[in-house]
Structures are given as C-alpha cells and as structure tokens.
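In: what follows is a predicted protein model with its sequence.
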Amino acid sequence: MAEGLPGVTDITDNEQAPRQGGIRWFAVVLLLGHLALLVIGSISLWRIAGGGPASWVASGVFAVAFLLGWRLWLAPGSKARLAFRERLTVHLVAGPLIVVLASLTSVWLPAIIALSMVVMCDALNERDRRPTVENPLPI
C-alpha cells in the first residue's frame, strides 16, 4: 500500500512480535475507568442516603463490594479472572446500575463516560493481549 511513498509505513505490516509483558495504555485507562465508577457510585449512594450515618454505610458497602468483585473477577492478576465475555456481561449489568444511581444525583454524564472507558479499554486490552491470526478464513 504505502511502499512507494518515502517515510510512510503501513502499521499493519509490523514485523515485531506482540509484547507479552509490560503495561499497555488500555490497561491504565481501564483502571482509571473502574476507579471513576467506584467513586461515582459511592458518592451517588452517599447523596441518595442523605449524608447521615446510613450514607456512610451504604457507600462503604458499595465500595467494599465493588473492590472485592474487581479484585476477584476483573483484575488482570486475579487467579479466578473471568473471560472477556463474562467481564463484558458484568460491565453491561453493573455499569448501567451505577449510571442509574448517578442519574439520581445528576452526575450521569461522568458515569456514562467511565462506563464507556471500561468497556472499550477492556476490549482493546483483550485484543492487544492475544496474538493475531494472519488468515483465519480459507480463501
């Protein structure tokens, strides 16, 4: 494609093998998205509960449950990490619940952005983690 143009390279013709280690930017943004969902969900529950002792309990229980679920099933270093489809299911079920909580306290836009970051970066991270197959379909 770009062979005849000087200084232009085609990114699909990368001859390097994919990296097996290291931190990808997708993973960093994925972590930031999870942290944003945690903070938005906790603040939303705290505001919904009215700011008293019940609000501290509600937001604390949410934060502990979110962190425990993330550590057990979603974290990259977890021994029982879910496969991509299962993680996508968790994001598509729990994410809108956090968005609904956030919409009750008028912070729905940051919640939607955080959920989008989580879903997209998890897909990009999964795609980058697996080696690609050159020609998966017979011609």
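Out: Yep, it's here.
In: number of nearby residues for the residue nearest to residue 107 when sequence neighbours are not counted?
Out: Excluding the flanking residues, the one nearest residue 107 by C-beta to C-beta, 6 or more residues apart in numbering is residue 40, at 6.0 Å. For glycine as for every other residue, the C-beta is placed from the backbone atoms N, C-alpha and C. Look at residue 40: counted by other C-beta atoms under 10 Å, it has 23 neighbours.
In: show me what counts as buried in the helix ranked longest in the chain.
Out: Identified as the longest helix of the chain according to DSSP state H is helix 25-48. By neighbour count with 16 or more other C-beta atoms under 10 Å, helix 25-48 contains the buried residues 26-27, 29-31, 33-34, 36-47.
In: which ones are touching the residue nearest in space to the middle of the chain?
Out: Compute the mean C-alpha point of the chain, and by C-alpha atoms, centre = their mean the closest residue is residue 118, 2.4 Å away. Each residue near residue 118 by C-beta atoms under 8 Å, 6 or more residues apart in numbering is listed here: 30, 33-34, 37, 91, 95.
In: ok, 6 Å please
Out: By C-beta atoms under 6 Å, 6 or more residues apart in numbering, residue 118 lies in contact with 33, 91.
In: show me where pLDDT drops low in this structure?
Out: For the chain, residues meeting the criterion pLDDT under 70 lie at 1-21, 129-139.
In: where along it do the helices fall?
Out: Using DSSP H, helices in the chain cover 25-48, 53-69, 84-104, 108-129.
In: quick one: contacts of the shortest one?
Out: Under the criterion C-beta under 6 Å, 6+ apart, residues 38, 41-42, 45-46, 49 lie in contact with helix 53-69.
In: residue 40 against residue 103, yeah?
Out: No. Here residue 40 does not reach residue 103: they are 10.6 Å apart, not a contact under C-beta atoms under 6 Å.
In: pretty sure residue 114 contacts residue 33?
Out: Yes. Residue 114 is in contact with residue 33 according to C-beta under 6 Å; the separation is 5.0 Å.
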